[in-house]
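A.B. asks: fold the following and give me the result.
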Amino acid sequence: MADTSSTPDTRTPAQIEADIKRRRETLAETLDEIGVRVHPKTIAGDVKAKIVSQVDHTFGRAYVRANHVVSQVKGQLVTQEGTPRLERIVPVALVAVGVVGLLALGSRRRRG
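C.D. replies: Numbers count the residues shown, from 1 in each chain. Predicted coordinates for the structure are as follows:
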C-alpha cells in the first residue's frame, strides 16, 4: 500500500465513494468464494472427486495390465493366423479340468 500520509488525496468525494463501493463488492465476492470453498459439501465433493480419480487411475492401470496378460496368453495359445495351437491348448485344458475336479472333490468331502 502506498503511504498516503505525506501526499494529499486529490480524489473527489464521488471518486472516493466509487472506490469504496468497488472495494466492498470485491470483498463481498472474495468472502462468497471463501464461503463456497470451505462449505462441507464443497469439501466432500472435492474429496470424492479425488477418490474417484484415484480409483479410475487404479482400474485403468489394472485394465491395461490384464489386457497385456490376455494378449500374452492369446499369443501362446493362438498362431499369428488365428488358428488354435492344440499342442498348447490341450495340456492347459487338462490341467484346468483336473483343478476343477480336485476342488469339487474337496468340497464334497467337507460336506459329507
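A.B. asks: doesn't residue 30 fall inside a strand?
C.D. replies: No - counting by DSSP: H, G, I helix; E, B strand; the rest coil, residue 30 is located in no strand; its state is helix.
A.B. asks: quick check: phi and psi at residue 84.
C.D. replies: With angles defined as degrees, to the nearest 10, residue 84 sits at phi -70, psi 150.
A.B. asks: who is it paired with across the strands?
C.D. replies: Residue 84 has these beta-bridge partners by DSSP bridges: residue 78.
A.B. asks: can you read off the pLDDT for it?
C.D. replies: Per-residue pLDDT puts residue 84 at 89.
A.B. asks: distance between the helix or strand hosting residue 96 and the chain's centre?
C.D. replies: Using DSSP states H and E, residue 96 sits within helix 86-111. Counting by CA atoms, centre = their mean, to the nearest Å, helix 86-111 is centred 39 Å from the centre of its parent chain.
A.B. asks: tell me the helices and strands packed up against it.
C.D. replies: helix 40-77 (3 or more CB pairs under 8 Å, 6 or more residues apart in numbering; DSSP states H and E). C-beta coordinates here come from the backbone N, C-alpha and C atoms, glycine included.
A.B. asks: angle of the helix it packs on against helix 86-111?
C.D. replies: Interaxial angle of helix 40-77 relative to helix 86-111 (axes from the mean of the first three to the mean of the last three CA atoms, to 10 degrees): 120 degrees.
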